[in-house]
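S.K.: Give the three-dimensional model of this entry:
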Amino acid sequence: MQTRQADIPWLQRAGLVYGLLTLVALSGSLLLARAYDLHETAVATVAALPMSYLSWLTFRQNAAQAERRPAGDAVDRAAEDLARDRWDQWDEEARNRKVLPSPIRVPWAWTSRPVKDSMDSVLRDDAFPPLPGVPAAEAGALRRGEVAGGLYSVYAGLRSGRVVLLGGAGDGKSDAALLTAWEALKRRRALDAGAGARVPVPVLLSAREWNPAEEEIADWVADRLRADFRWLNARTARELVNSGRIALFLDGFDEMDAPLRRAAIARLNRRLPFRLLLFSRTEEFADAVTRERLHGAAVLELAPVETEDAVRFLTEYAADPVPEAWRRLMTDLRRRPAGPLAQALGSPLLLTLVRDTYAGGTDEVAELLTREFADRAAVEAFLLRRFLEIAYPADPSGPTARSSGGPGYHQADVRRWLGYLAHRLSEGRREGLDWRRMHWWAPAWPRVLAIGVIGMLAGVLVGAVTYGPAGDYATFGRSGARFGALYTGALGLTFGTAVGALSESRGPRPRRPARPGGPGRTLVSTGNPGVGAVVGLGVAITAGNMTDHLYGAAAGLVAGLTAVFDSARERPARRSRWSLPPARLALASGCTTGLPVGVAYWLGNGLAAGLEAGLFSACAAALIVGAARPSARPEPRTDPPTSWSLDLRQAAVFGLLTGLCVGLPHGIANGLDSGLQTGLVGSAGHILLAGLAGTAGMSDNWRTTLLFLQLHARRELRFPVRGMRFLRDAHRQRVLRADGPRYEFRHGRLREALAGEYRDGAR
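M.R.: Purely as a prediction, here's the structure:
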């Protein structure tokens, strides 16, 4: 795989940045001539050159990794890992949403609308062979069928590899996407290894997050794979896409802006390396293809559920024997198939709402017969309202709420919180309800300030102890608890604010303009800026205190930026308990940290001190940055709760490692010089400060937790402080659905209703 041309200017810009940093580092070393003799200045100057060279080498290593095509067996293993991950989540999700084991019989037919190529031209397209175990699709198979089973047969047997499923609001498009993806993985698992490898892994993505005006679809899919499955490196994700080992299930096409929908059709009409199954509301798709159709696509349209199929579905979920109220409901549906209630229950959405809100055996279902509904919309509004009332009762301490097992939220609060979420999603937010990116929903400065204040308070505590009688530390010839509290508190505020600011930059801002033809990388989206802040500020303070602060600043910039990009390299999975592959040690970061710190201590305290400090700091940086690298080992799950917990655990482990790598060398050195007590106190203080900085710099969890506090502080909102707990409960109550680490509203109509209610209340 060749590097895209758009990558070359990025590398050139990186070279210019490092050239500038080299000049800054050299200037800083020359400035030392005022305080040190020529020999020492020459040492510092020579040290700056390999620092810059090693940093640039890190860039070139990352670029070379991007250029190399991963081995076929590695991509096959990645596809298998991805298939297992998707099966685990989608099987659970399908059963949570009660799509299984008895799906609704939802029919579809070849659309009669003028939005497609002729059936003959679609069948002549031979871009892909039929998938193993499925015959090639013929005209009869395209004319009509059912979502359960039939849609998979068309998707797997159609040689063009392009299927579009149209329908109205509540017609079951999202459930059809889930059911077809589940069926694809089920069949893949049933085949032998060779045949199964030829079945692509379905990847279900929301079109709302794609900007077709600036991004190729293959680049966007690869970037989404890399973002959602962090054990996939960039080149493996791209190879999964370009080799056709994945199939794209693109939902929510109608949620894109109209100009973007037309741009998307133009992009999709290019030769794609993977199969495509697109889901959209009918009118929005028809508008998108007024100028250019989606060539080669079989365009199918969902039809209302037949009355007998609706009755059969309700019978399966009713109590046995069927209660009298349910019998009367079914009789009414058969007797008045054109009535508002029967028309409404031709929608899979409303059928599932009847099932979920009346729990199969309750006589309360009789109220559907006693109420006078003017039309289908009135039935829909009533069932949506009742659905929320059942999920979140008005009395959170009542028996209904206790039986649901929920945390006891007040119904009015829940409607306000869900309305806020729905409103944000209806604003055109491309990132969806992704807890890792929710921090963009509120200003960053309060979170940055909060981390700075936490750092300051920790610094005041540590400084008062370590510079007091217990620690007996001294800086610039000064000591004492008061000086230590002020000095270390100021460092904690500075360090914490910088770590918080750079942590906010981790991951590009949604809707950020991307470069044409590429995913829109930026400096901060290529690595881990929080890790760079920890390493860079540590080097700047350590080297600056020993020599000159200009030299320390230059060395910190080089070391910090090297750590940012060095942390982007993949860390391979451990093959054995005791293995320590070289990629687990960030050698470039170790060198660009150890050299300036070693030189600074050499100039200040002599050669022996320089060697000791340089070696310790190099090892510490190599371990810290190596630990921050993404692992190639598949994560156990990528659903939102698991990814939330895993992020917290990884950040805590990284923070502990950072604290130990920084604190133990300081403690040992000071213990040897000033005694055991001084060493222990200093070590504990450094472990606490460095550990907090490492945890905050590495964790998306911290960032989103601070966002929940921000939203709770809004008097008109009072979003729960434990926001992730609320989202998990909304998913358990089937208000939200999960795909990867993201949540979405299960029903588009529910989201629209809640968003409208929230906007009306905010006026």
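
S.K.: CA atoms for contacts and neighbours, from now on please.
M.R.: OK.

S.K.: Pretty sure F495 is one of the things L449 touches, is it not?
M.R.: No. L449 is beyond contact range of F495, at 11.2 Å (criterion: C-alpha atoms under 8 Å).

S.K.: More neighbours: which of those two?
M.R.: F495 (25 against 17; other C-alpha atoms under 10 Å).

S.K.: in the helix or strand where that one lies, what counts as buried?
M.R.: For F495, the element it lies in under DSSP states H and E is helix 481-504. Neighbour-count burial for helix 481-504, counted by 16 or more other C-alpha atoms under 10 Å, picks out 481, 483-504.

S.K.: ranges for the strands of the chain?
M.R.: Under the criterion DSSP state E, the chain contains strands at 107-110, 144-146, 162-167, 201-206, 246-251, 276-281, 298-302, 433-434, 736-739, 742-745.

S.K.: and the fifth one, which strands flank it?
M.R.: As defined by DSSP bridges, the strand partners of strand 246-251 come to strand 201-206 (parallel), strand 276-281 (parallel).

S.K.: Could I get the ones you listed in CSV, plus columns for distance to F616 and mean pLDDT?
M.R.: Formatted as CSV, these follow (distance: least, C-alpha to C-alpha, whole Å; pLDDT from 0 to 100):
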stretch, distance to F616, mean pLDDT
strand 201-206, 45, 94
strand 276-281, 53, 97
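
S.K.: Any idea which of the ones you listed gets closest to P101?
M.R.: Comparison of those against P101 by C-alpha to C-alpha identifies strand 201-206 as nearest, at 20.2 Å.

S.K.: Give me the contacts around the closest one.
M.R.: Contacting residues not belonging to strand 201-206 are listed as 79, 82-83, 177-178, 181, 184-185, 245-253, 739 [C-alpha atoms under 8 Å, 6 or more residues apart in numbering].

S.K.: Outline the domain layout of the chain.
M.R.: 1-68+543-572+580-633, 84-302, 307-395, 416-508+641-662+675-763 (automatic domain parsing).

S.K.: Adding distance to I668, write the ones you listed out as TSV.
M.R.: Shown next, in TSV, are the domains of the chain (distance: least, C-alpha to C-alpha, whole Å):
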stretch	distance to I668
domain 1-68+543-572+580-633	11
domain 84-302	36
domain 307-395	57
domain 416-508+641-662+675-763	6
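
S.K.: Out of those domains, which gets nearest to G408?
M.R.: domain 307-395 (7.9 Å).

S.K.: tell me the average confidence for that closest one?
M.R.: Mean per-residue pLDDT for domain 307-395: 89.

S.K.: low pLDDT regions in this structure?
M.R.: 1-72, 360-361, 395-407, 428-431, 506-527, 569-585, 629-637, 669, 672, 762-763 (pLDDT under 70).

S.K.: Can you work out which other helices and strands pack against the helix ranked longest in the chain?
M.R.: Longest helix in the chain, counting residues (DSSP state H): helix 640-674. When contacts are defined as 3 or more C-alpha pairs under 8 Å, 6 or more residues apart in numbering; DSSP states H and E, helix 640-674 packs onto helix 607-628, helix 676-698, helix 700-713.

S.K.: Out of the ones you listed, which gets nearest to L341?
M.R.: Of all the helices and strands packed on helix 640-674, helix 700-713 sits nearest to L341, with 40.1 Å by C-alpha to C-alpha.

S.K.: Using PDB, list the CA coordinates for the closest one.
M.R.: Written as PDB, here are the backbone C-alpha positions of helix 700-713 (Å, rounded to 0.1, in the frame of the first residue of the first chain):
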ATOM      1  CA  ASP A 700     -11.100  10.000  28.300                       C
ATOM      2  CA  ASN A 701     -13.000   8.900  31.300                       C
ATOM      3  CA  TRP A 702     -11.800  11.900  33.400                       C
ATOM      4  CA  ARG A 703     -12.600  14.300  30.700                       C
ATOM      5  CA  THR A 704     -16.200  13.100  30.200                       C
ATOM      6  CA  THR A 705     -16.700  12.900  34.000                       C
ATOM      7  CA  LEU A 706     -15.800  16.600  34.200                       C
ATOM      8  CA  LEU A 707     -18.300  17.200  31.400                       C
ATOM      9  CA  PHE A 708     -21.100  15.600  33.400                       C
ATOM     10  CA  LEU A 709     -20.200  17.900  36.300                       C
ATOM     11  CA  GLN A 710     -20.400  20.900  33.900                       C
ATOM     12  CA  LEU A 711     -23.800  19.800  32.700                       C
ATOM     13  CA  HIS A 712     -25.000  19.100  36.200                       C
ATOM     14  CA  ALA A 713     -24.100  22.700  37.100                       C
END
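
S.K.: buried sites along it?
M.R.: 700-712.

S.K.: Pull the contacting residues for the closest residue to W87 other than its chain neighbours.
M.R.: Nearest residue to W87, sequence neighbours excluded (C-alpha to C-alpha, 6 or more residues apart in numbering): L185, at 6.4 Å. When contacts are counted by C-alpha under 8 Å, 6+ apart, L185 touches 83, 87, 201-202.

S.K.: what does G590 give?
M.R.: Here G590 is in contact with 617-622 (C-alpha under 8 Å, 6+ apart).

S.K.: Ranking by neighbours, what's the top pick from the residues you listed?
M.R.: Neighbour-wise, the contacts of G590 (other C-alpha under 10 Å) top out at A621, 32 neighbours.

S.K.: what's the distance between that one and L537?
M.R.: 12 Å (C-alpha to C-alpha, to the nearest Å).

S.K.: what residues are up against L166?
M.R.: Contacts of L166 (C-alpha under 8 Å, 6+ apart): 173, 279-282, 285, 299-302.

S.K.: what about stretch 296-308, distance to the chain center?
M.R.: Here stretch 296-308 is found 33 Å from its chain centre; the criterion is C-alpha atoms, centre = their mean, to the nearest Å.

S.K.: With stretch 444-451 instead?
M.R.: Here the centre of mass of C-alpha atoms in stretch 444-451, compared against the chain's by C-alpha atoms, centre = their mean, lies 21 Å away.

S.K.: Could I get the full set of helices for the stretch 351-500 of the chain?
M.R.: 367-370, 376-391, 399-404, 411-426, 445-466, 481-504 (DSSP state H, counting those that start in this stretch).

S.K.: Give the closest residue to G671 in space, chain neighbours not counted.
M.R.: In space, G671 is closest to G679, 3.7 Å off (C-alpha to C-alpha, 6+ apart).

S.K.: Can you give me the neighbour number for that neighbour?
M.R.: G679, neighbours per other C-alpha under 10 Å, totals 27.

S.K.: Distance check, the spatially most central residue of the chain against T638.
M.R.: Geometric centre of the chain, nearest residue: D228, 4.7 Å, by C-alpha atoms, centre = their mean. From D228 across to T638, the span is 7 Å (C-alpha to C-alpha).

S.K.: what touches both of these two?
M.R.: 740-741.
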